[in-house]
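**Student:** below are the sequence and a predicted model for it; my questions follow.
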Amino acid sequence: MDENLKRYILNIPKAELHVHIEGTLEPELLFEIAKRNNIELKHASIEELKQSYEFNNLQEFLNIYYAGAKVLLHEQDFYDLAMAYLKRAHEDNVVHAEIFFDPQTHTNRGISFETVINGLVRAQKDAREQYEISSALIMCFLRHLSEESAFETLEMAIPHKDKIIGIGLDSSEEGNPPSKFFNVFGKVRDHGFFVVAHAGEEGPAENVWEAIELLEAERIDHGVASIDDELLLEKLRDSEIPLTVCPLSNLKLKVFDDLSEVPIKKFLDNDIIVTINSDDPPYFGGYINENFLQAAQALNLTREDIFKLAQNSFKAAYIPETERQTMIDRLEEFDKKFE
Ligand code: ADE
Ligand code: ZN
């Protein structure tokens, strides 16, 4: 790749809008936390664990991801996890991050909701001071579990409403369409949360329609299957519903055989607010800048495309208009001065 474009990608200020905090657990930190919590691991070494990170589909990844999250027991574990991510994201010039967390992964093991959220929130505050990175939390319901369990999780979240900007839907898409969560998202909206949903990752464009029309999702996570549906592309463009695409995730989970097939360029050409994100970086082989670099290489993205993608990340962020303008001003300043 052209050295200038590489430098542009690495340094451009950006927002990350699709990252699962449990999916940022680096093997080294996983081993460290397991040791201090006296948890015996299936893998004998960090190397051996890393070698298990080969997936044929989303479910194979999820099995390993949920197993990894079992080392997280105490508030400090959630703090260390989030702090490590925010530090790493700052190194990639992420100035704002919207972070998913999956409370059911923890509450179903007897960890309290408070343990999880207190650790995350403390890290958000410290990272803001230390790295000047702003961040927000999006709670996700695990879609392989029941809608009743989602209702219970929403109840646990209500006392912490001020710490959570939005509610999303993640985990196994196959057999668990957005319509399964129609009722609970009605309640989510009554509480005034921002609504997002993973849809059209492994599943069909129909799931993106359901997320928009039934759940009233305001941003779609992945949504790559939308490329198959002309009407849906029009809908995304006209309603300005952004997509948070994660190219290395799509490659590692075999959603596409090659990065050149990830439809980022096509979404850009269709004037859709598409963004680039990392999803679960240690599992998929790269943080946000690596996603930008490899996508740029595979799709022949230009400096103008990269600018647009970074601009889209701020357009798609769930932040007050004044903050959005400050971030976009900073982006334009960077572009103007770059040589
Ligand atoms: N949870 C963590 N990563 C995920 C992904 N890519 N899709 C669905 N659920 C997830
Ligand atoms: Zn995801």
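**Tutor:** All right, it came through fine. Numbering: from 1, shown residues only. Ligands and ions are numbered 1, 2, ... in the order given.

**Student:** quick one, what contacts the residue in the stretch 51-200 of the chain positioned nearest to ligand 1?
**Tutor:** For the stretch 51-200 of the chain, the residue closest to ligand 1 is residue 170, as judged by CB to the nearest ligand atom, at 3.5 Å. Placement of C-beta: from N, CA and C, glycine included. Residue 170 makes contacts with 20, 100, 102, 140-143, 198, 221, as judged by CB atoms under 8 Å, 6 or more residues apart in numbering.

**Student:** now residue 130: which helix or strand?
**Tutor:** Following DSSP states H and E, one finds residue 130 within helix 113-131.

**Student:** isn't residue 127 up against residue 88?
**Tutor:** No. Using CB atoms under 8 Å, residue 127 is not in contact with residue 88; the gap is 10.5 Å.

**Student:** which one's more surrounded, these two?
**Tutor:** Neighbour count, other CB atoms under 10 Å: between residue 127 and residue 88, residue 127 has more, with 22 against 19.

**Student:** burial of the nearest residue to that one once chain neighbours are set aside, as a residue count?
**Tutor:** Leaving out its chain neighbours, the residue that sits closest to residue 127 by CB to CB, 6 or more residues apart in numbering is residue 86, at 3.6 Å. If you count neighbours by other CB under 10 Å, residue 86 ends up with 25.

**Student:** for whatever residue of the stretch 1-150 of the chain ends up closest to ligand 1, give me phi and psi.
**Tutor:** Minimum separation of the stretch 1-150 of the chain from ligand 1 (CB to the nearest ligand atom) falls at residue 20, amounting to 4.2 Å. Dihedral pair for residue 20: phi -100, psi 120, per degrees, to the nearest 10.

**Student:** could you do residue 17 as well?
**Tutor:** Note on residue 17: backbone dihedrals following degrees, to the nearest 10 are phi -120, psi 0.

**Student:** please identify the residues of the stretch 201-339 of the chain in proximity to ligand 1?
**Tutor:** 201, 249, 279-280 (CB under 6 Å from any ligand atom).

**Student:** out of those residues, which is most surrounded?
**Tutor:** residue 279 (31 neighbours).

**Student:** for that one, give the beta-bridge partners.
**Tutor:** Taking DSSP bridges as the rule, residue 279 bridges to residue 19.

**Student:** is it true that it touches residue 22?
**Tutor:** No. Applying CB under 8 Å, one finds residue 279 not in contact with residue 22, separated by 11.3 Å.

**Student:** the stretch 201-339 of the chain: helices as residue ranges?
**Tutor:** 205-213, 230-238, 247-252, 264-269, 281-284, 288-299, 303-315, 321-337 (DSSP state H, counting those that start in this stretch).

**Student:** mean pLDDT added to these, as CSV?
**Tutor:** Formatted as CSV, these follow (pLDDT from 0 to 100):
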stretch, mean pLDDT
helix 205-213, 98
helix 230-238, 98
helix 247-252, 98
helix 264-269, 98
helix 281-284, 98
helix 288-299, 98
helix 303-315, 98
helix 321-337, 98
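
**Student:** what about these, which gets the closest to residue 187?
**Tutor:** Closest to residue 187 of the helices of the stretch 201-339 of the chain is helix 205-213 (CB to CB; 16.4 Å).

**Student:** run through who's touching the closest one.
**Tutor:** With CB under 8 Å, 6+ apart as the test, helix 205-213 has contacts from 169, 173, 177-179, 197, 199-200, 217, 220, 223, 225-226, 228-229, 232, 235, 239, 241.
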